[in-house]
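Colleague: predicted model and sequence follow; I will ask about them next.
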Amino acid sequence: MKYRDPKPDIQRIEEIVSGVIYGDIKLPKFQRPFVWKRKDVIKLLDSIYNGYPIGSILLWQSSEPLASERTIADLEINTEKDYLPTNYLLDGQQRISSLCGCLYWNSSDYKSLWNVAFDLDKQKFIYPKDDYRIEYFPLNKLLNTSDFINQCSSFEAHPKKEKFYKNAEKLLRSIKDYKIAVVKIGEMTINEVAPIFERINSTGRKLTIVDLMRAATWKGDFDLNDAIKKVNFICEEKGYFEISENHILRNISACAEFGINREDIDKLRSESSDSLLIASDKCAEAYGLAIDYMKLNLPMPSAAYLPYSLQLTYLVEMFNVRNELSDHQVINITKWFWRTAISRHFGTSNTGQNSRDLESVRMFAVGNLDEIPIDKEISIDKFVFDDFRLNIANSKSFVLVLAQRSPRDLVTGSRLHLEEFMTSLNRSYFHKLYKEEDGEHKSNSCINIFVSTSQELDNYSGDELINQLYNLHGDDTMSVLQSQYIDEQCVRHIREGNRAGFCRQRKNLIAADVIRLTGTDRITGQIDVDIYNDEDEEGQEFIE
């Protein structure tokens, strides 16, 4: 049976919340964060008080040791009960967390989400906003018998004491005696239970491989969440923010000498705490070295314009295998970066290609390969004539090619600082030379884009734009334009209204740099570029 004989049961709320507090029911770490607001908590309590149904909860009884939360609703959970099998809470986290928080709150912060009282006079749940009042019965004084009696004694002298006693007793019975349906599913692996969790999760949040492995790799001394945070901290110190948890997990798997595909990552569950700690430490160090390399050898002050995440994955593995590259390796790995970016090598990657690329990177790192093989040809027409959209890899690659030329701002004439316009995907920095469509020439193609931090030129197009630039820079105009792949022939075509000629010439200029950067002339598309070898650099080809 798919659900391994789900067993329905009826339990009182008091049994369930005490089971959580004392460690008999655990909250697995792949659960989403607590998101309820005060109105949600009050609505839940009001439903229970009035006997309305609040839905069932789902428990997974498993012998699989998984990472679970050590606190719930700011309360310390008994972690000594680590016997197996145990019950993991799959559905009902927001409700059970709210009940645990309100009924076991032990803080003095009156602004706490869990500082809920019941107004015995008006018979409603409230968050106290003023000084203590006799009729406000704190919910954390409800379940413990002595606490309940002491709280009731506080209104012994109150003129409404009979009403307060009656309503306090009703409150106690409504909470302690409220029964909820509990469904338990039996022994299943975490991969089998994941789709069940995803199906019943009210937000529809799909479990990621990180969610699953965070639970599966917890060994007491190792917490995947802490390992990922350590890598992120190193990356952020160097200006590389928002590195995906999934990508970091791939590299932890690689540093453990496995692969980067899902089935490879799954092997981490069998590793010891010591092995996982070693792999995660190596991963953190390799990330730091890879980012240092990228900032030194590529126009990459941040990860915003990284075309493909796999490029960073393989660079990290490169520095995991060998933490110091030779000059020859630096030259060739830089060519590899440009070739994979511009050829869209990773645009259609699959598990087989991932494994082959990983093996090539490792062999290159130890010196068994002179270069990392990339078979895919570069289509210069696709590169320069595709739509310019900053959320796609090709446009990011195009920006990187512009950036490595040290472009000058067309308005100010000064060199553009990479940190200024390449730390985030900001479309306002990129402008169109031609504002209108022209037959086969789209205004939003990469070939028509230049970069400037100013918006002053957006009202001008073609020849008008060139005139404005000469007004701004005079004799220095061509130097400014050439820094963005616009030479005298391009300007002449613009003056003559020959847009096709402009596109062809600017494509030639860009293609020349593409050949130099990638170290290959395997480029499709008609171009007019002469190539020669400069023997002063190790095999690197330059354009005259």
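Modeller: Looks like it came in fine.
Colleague: going forward, measure contacts between C-alpha atoms and count neighbours the same way
Modeller: Will do.
Colleague: what's the closest non-adjacent residue to Lys238?
Modeller: Ile291 (7.4 Å; Cα to Cα, 6 or more residues apart in numbering).
Colleague: how much space between that neighbour and Ser428?
Modeller: Distance, Ile291 to Ser428, by Cα to Cα, to the nearest Å: 26 Å.
Colleague: wait, is Leu58 part of a strand?
Modeller: Yes: Leu58: assigned to a strand according to DSSP: H, G, I helix; E, B strand; the rest coil.
Colleague: pass me the low-pLDDT residue ranges in the stretch 401-544 of the chain, would you?
Modeller: Across the stretch 401-544 of the chain, residues meeting the criterion (pLDDT under 70) sit at 529-544.
Colleague: same thing but at 90, please
Modeller: 418-421, 423-424, 435-442, 453-462, 520-544 (pLDDT under 90).
Colleague: what are the boundaries of the helices in it?
Modeller: According to DSSP state H, counting those that start in this stretch, the stretch 401-544 of the chain carries its helices in the segments 418-421, 463-473, 477-482, 488-495, 499-518.
Colleague: which of those helices sits closest to Leu369?
Modeller: helix 499-518 (17.4 Å; Cα to Cα).
Colleague: just the buried positions in the closest one, please.
Modeller: Within helix 499-518, the residues scored as buried using 16 or more other Cα atoms under 10 Å are 499, 501-518.
Colleague: got it, and stretch 105-123?
Modeller: Applying 16+ other Cα under 10 Å to stretch 105-123 flags 105, 113-120, 123 as buried.
Colleague: list the buried ones in stretch 519-530?
Modeller: For stretch 519-530, by 16+ other Cα under 10 Å, it's 519-521, 523, 527.
Colleague: before we move on, what about stretch 135-152?
Modeller: Buried residues in stretch 135-152 (16+ other Cα under 10 Å): 135-142, 148, 151-152.
Colleague: stretch 398-414 now?
Modeller: 398-404, 407-411, 413.
Colleague: ok, those residues vs Glu64, which is closest?
Modeller: Distances from Glu64 to the buried residues of stretch 398-414, taken by Cα to Cα, are shortest for Leu400, at 47.0 Å.
Colleague: the residue nearest to the closest one when sequence neighbours are not counted is in what secondary structure piece?
Modeller: The shortest distance from Leu400 to any residue other than its chain neighbours is 6.3 Å, reached at Pro299 (Cα to Cα, 6+ apart). Under the assignment given by DSSP states H and E, Pro299 is not contained in any helix or strand.
Colleague: ok, Pro299 - how many residues close by?
Modeller: 21 (other Cα atoms under 10 Å).
Colleague: show me the contacts for it.
Modeller: Counting by Cα atoms under 8 Å, 6 or more residues apart in numbering, Pro299 touches 400, 403-404, 418.
Colleague: go again using 7 Å as the cut-off
Modeller: Contact analysis of Pro299 by Cα atoms under 7 Å, 6 or more residues apart in numbering lists 400, 403-404.
Colleague: now tabulate these in JSON lines and tack on distance to Glu271.
Modeller: Putting the contacts of Pro299 into JSON lines (distance: Cα to Cα, whole Å) gives the following:
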{"residue": "Leu400", "distance to Glu271": "40"}
{"residue": "Ala403", "distance to Glu271": "43"}
{"residue": "Gln404", "distance to Glu271": "43"}
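Colleague: ok so, going back, sec struct for the residue nearest to Lys238, please.
Modeller: helix.
Colleague: so Leu301, which of the three states?
Modeller: Not quite, residue 301 is Pro, not Leu. Quick answer, by three-state DSSP: Pro301 is coil.
Colleague: which of the helices or strands spans the closest residue to it other than its chain neighbours?
Modeller: Nearest residue to Pro301, sequence neighbours excluded (Cα to Cα, 6+ apart): Lys295, at 5.5 Å. Using DSSP H and E, Lys295 sits in helix 273-297.
Colleague: and that helix, what other elements does it pack with?
Modeller: helix 224-237, helix 245-255, helix 309-321 (3 or more Cα pairs under 7 Å, 6 or more residues apart in numbering; DSSP states H and E).
Colleague: what comes up buried for it?
Modeller: 273, 276-277, 279-294.
Colleague: next up, the contacts around the residue nearest to Tyr136 when sequence neighbours are not counted.
Modeller: Counting by Cα to Cα, 6+ apart, Asp119 is the residue found nearest to Tyr136 once chain neighbours are left out, at 4.7 Å. Shown in contact with Asp119 (Cα under 7 Å, 6+ apart): 125-126, 135-137.
Colleague: distance to Ala181 added to the helices of the stretch 401-544 of the chain, as TSV?
Modeller: Output for the helices of the stretch 401-544 of the chain, formatted as TSV (distance: least, Cα to Cα, whole Å):
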stretch	distance to Ala181
helix 418-421	56
helix 463-473	72
helix 477-482	72
helix 488-495	75
helix 499-518	63
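Colleague: surely Ser343 meets Asp375?
Modeller: No: with contact defined as Cα atoms under 7 Å, Ser343 does not reach Asp375; the gap is 9.4 Å.
Colleague: more crowded one of these two?
Modeller: Legend: neighbour count by other Cα under 10 Å for Ser343 and Asp375, higher for Ser343 (22 against 11).
Colleague: quick check: closest non-adjacent residue to the more buried one.
Modeller: Ser343 sits nearest to Ile378 (Cα to Cα, 6+ apart), 4.5 Å away.
Colleague: so the one you found bridges to which residues?
Modeller: Ile523 (DSSP bridges).
Colleague: who touches Thr423 in this structure?
Modeller: Thr423 neighbours (Cα under 7 Å, 6+ apart): 301-302, 304.
Colleague: any idea how far it lies from Ala303?
Modeller: Per Cα to Cα, Thr423 is found 8 Å from Ala303.
Colleague: tell me the gap between stretch 115-125 and the middle of its chain.
Modeller: 42 Å (Cα atoms, centre = their mean, to the nearest Å).
Colleague: and it, what's its mean pLDDT?
Modeller: For stretch 115-125, mean pLDDT is 95.
Colleague: what about that stretch, start to end distance?
Modeller: 11 Å.
Colleague: look up how far Phe241 lies from Gly413.
Modeller: The value you get for Gly413 to Phe241, if Cα to Cα is used, is 30 Å.
Colleague: quick one: the residue nearest to Tyr136 from Gln151, how far?
Modeller: In terms of Cα to Cα, Asp119 sits 13 Å off from Gln151.
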